Every structure is written in structure tokens, then in C-alpha cells.
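J.: here is my input, please return the structure:
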Amino acid sequence: MTEILLHNYPQSPVAEKVRNAFGIKGLAWRSIEIPRLPPKPLLTALTGGYRRTPVMQIGADIYCDSLGILAEIERRQPEPGFFPGGTRPFAETLARWTDGALFTLAVKLVLAGQGDALPADFAADRGRLYLGPDWAERLREARSDLPHLAAQMRSALATFDAMLADGRTCLTGTAPGLADALVWHVVWFVRGRWEGGPSLISEFEALAAWETRMAGIGHGAQGAELSGEDAIAIAAAAEPAGPEGADPKDPQGLRPGMTIRVNPDLDGGEQPTEGVLRHADRDRVSLVRESAEAGRVCVHFPRAGYRVDVLDG
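T.: Next up, the predicted model:
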């Protein structure tokens, strides 16, 4: 596998999901630290507009969205697998909750729990990103409804604790997999960023023991950090190596050569990524774009959770 570069920052829970998954796989990788808040010009020079965290880079191939990143990692290095014991359907179904409603609940807890100490610029950025255009009203509601939010998180943690209560070491048995990384990033976020997190988690003995085991997995073999300029130079010196072609049954009739625009379904006030379609199937859409800084790169998005609009062709 060509060298893995992860554009991330230490406090990001979504990046922590990927870092933990690197540990599960025992992968070697290098970090590029990006700003917590936009603008992120060195990142968007590669992605064409996408600014969420993390982004994975392998040469001139740029992978957006944590689930898209992990799908590509599994494809490139299938052992040890993310789905021990044939648990792929369970893990992919679980992801719809952990990365959707459950993570939004955790964001509300963290943002609301900080009260007036929450920096205004951070509140505006993350509020818009996770709570929508009416984020200010939703955040006010969350602050007045904090005990209810805590009760909802307690119920979710109780579910995971019950799964682990039979003595299994991981959510899907004896070997950690994608399901564990999905839950880990929520627990890591709640413990580290909400003042009520440690007390809440300590209520669940099996979950707390699992948390300790997951922390022990680490982040794989992390090499020396690179700069954003280094990452751009690596992309500029490479050529995209991802697949080409399209599914003939694609509901949108996507075909290579079309000019397309890709944006997350949830309106986070972001700049969409535009380029020429290279590949599309049920799980992924990939487009080629060029810039003066990075040259010709291919940007990959999951199909689920992203809107693809055809601009020409």
C-alpha cells in the first residue's frame, strides 16, 4: 500500500474513529494537522471544497468521509478484517446510528454542556455543520434540555454495556472490528469533551472495561508528521490510481466524463466539490479535478449521505 496520509487534528472524534481503525489494522501512516476551523486552504486545494475532518490521501487519491476512508482501507488491506465473524451487515447498519443520530446527540451534549464557555466561532461552525441552518435555536434548546440529552446518551451506553455483559472482549466477539471503532469514537468524545462523561461512563462496568481495551489498541504505526505543503507536493508528483467506470444500473445514469458536483446531504454551509466523473457505483463516486497547487487528483466520496448533481454531459 502506498503511504497513507491523514489530514486531521488531535481533538476530532471522527478522526479518532479512523486513527483507532488504523490501530486495529496495524497500519503505518503519517499525519497532517489541519485547522479546527475554516478556512483550510491547504486541505481544500486537494478536495476542491470539502472541509470536514478527516480526509485520507494516498498519492493523488483523496478520500473524504470517515466511512469512505475505512471502506478503502478494508479494500486495500483486508486482514485483519473489520468484520470478524461475518459481521459486516451489523456494522454497516450500526454506522447509520453511531454516525447519525447518536453522534448528533453527543455533539449537542458537548456544545450545550460548555454553556457560555463555548467559543462563538466554534459554536457557529459546528452548530451549522451538525445541527443545520437553524443551529442557534437548536443549541438554545439543547442547553435548556441537557438532562434529557444526558438520559438519552445513558440509554445508548446501556445498550452497548448489555452487549458486552456476556464477557466478550469486543462488540462482535473476540477481535475488534469496525463496530468497535464506531462506538469507540462516540465514547471517546463523550468522556473527553463533556464534563459529565466520565461519571456517566463509569456506571457501566463492561463498557468501561471495553473502553480501556480499545484505548490500548492505539493508532497503529504513526510516522513523522508532514505539513500541508508536503501533502500537496506528494499529490502533485503522483497520478490518480483509483478505478474507472460506472454501474450501468446507476439510478442517476452517471457515466465517466460527466461534469458533476458532490456535496454532503446535510447543509453545513460548505463549498461543493466539482470535477469530471471517473467512477461511480452503489458505494462510491469519484471525480477528477485539477488545480495549480496539487495538479490532477481524484476525490472519492461515499454514495450514502452525499448528493451528486450532474452539471454537464
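J.: contacts only, for residue 157.
T.: Residue 157 makes contact with 187, 200-201, 203-204, 207, according to Cβ atoms under 8 Å, 6 or more residues apart in numbering. Backbone N, C-alpha and C define where each C-beta goes, glycine included.
J.: now the strands: where do they sit in the stretch 151-300 of the chain?
T.: Under the criterion DSSP state E, counting those that start in this stretch, strands of the stretch 151-300 of the chain are mapped to 221-222, 245-246, 259-264, 273-280, 284-291, 295-302.
J.: which two among the contacts of residue 157 are spaced furthest apart?
T.: Spanning the widest gap among the contacts of residue 157 are 187 and 203, at 12.6 Å by Cβ to Cβ.
J.: neighbour count: these two, which is higher?
T.: In this view residue 187 and residue 203 are compared by other Cβ atoms under 10 Å, and residue 187 has more residues nearby, 24 against 12.
J.: shouldn't that one be in contact with residue 208?
T.: No: Residue 187 lies out of contact with residue 208 (Cβ atoms under 8 Å); the separation is 9.2 Å.
J.: okay, and the common contacts of those two?
T.: residue 201.
J.: quick check, pLDDT for residue 2.
T.: Looking at residue 2, its pLDDT stands at 84.
J.: going forward, the N-terminal residue is numbered 264.
T.: OK, 264 is where the count begins now, so the last one is residue 265.
J.: name the SS class of it, please.
T.: Look at residue 265: counting by DSSP: H, G, I helix; E, B strand; the rest coil, its state is coil.
J.: what's the neighbour count on it?
T.: 13.
J.: from residue 498, how far off is it?
T.: Per Cβ to Cβ, to the nearest Å, residue 265 is found 12 Å from residue 498.
J.: list residues touching both of those two?
T.: residue 322.
J.: CA atoms only for the worst-scoring helix or strand of the chain on mean pLDDT, dumped as CSV, please.
T.: Confidence across the helices and strands of the chain bottoms out at helix 383-394, with a mean of 93, counting by mean pLDDT, DSSP states H and E. Presented in CSV, the C-alpha positions along helix 383-394 are these (Å, rounded to 0.1, in the frame of the first residue of the first chain):
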residue,chain,number,x,y,z
ALA,A,383,-18.7,31.8,19.4
ASP,A,384,-16.8,30.9,16.2
PHE,A,385,-16.6,27.2,17.1
ALA,A,386,-20.3,27.2,18.1
ALA,A,387,-21.3,28.8,14.8
ASP,A,388,-19.2,26.4,12.7
ARG,A,389,-20.0,23.1,14.4
GLY,A,390,-23.6,24.2,15.0
ARG,A,391,-24.2,24.8,11.3
LEU,A,392,-22.4,21.6,10.4
TYR,A,393,-24.2,19.2,12.7
LEU,A,394,-27.5,20.9,13.7
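J.: contacts for stretch 268-277, please.
T.: Residues outside stretch 268-277 that contact it (Cβ under 8 Å, 6+ apart): 278, 281-282, 285, 292-299, 306, 309, 315-321, 329, 366, 369, 448-449, 451-452, 456, 489, 491, 494, 497.
J.: can you flag the buried ones in those residues?
T.: The neighbour count (16 or more other Cβ atoms under 10 Å) marks 278, 281-282, 285, 292-295, 297, 306, 309, 315-321, 329, 366, 369, 448-449, 451-452, 456, 489, 491, 494, 497 as buried among the contacts of stretch 268-277.
J.: sitting in helices, which of those residues do you find?
T.: Secondary structure from DSSP state H places 278, 281-282, 285, 306, 309, 329, 366, 369, 448-449, 451-452, 456, 491, 494, 497 of those in helices.
J.: that's all I had, so thanks and see you.
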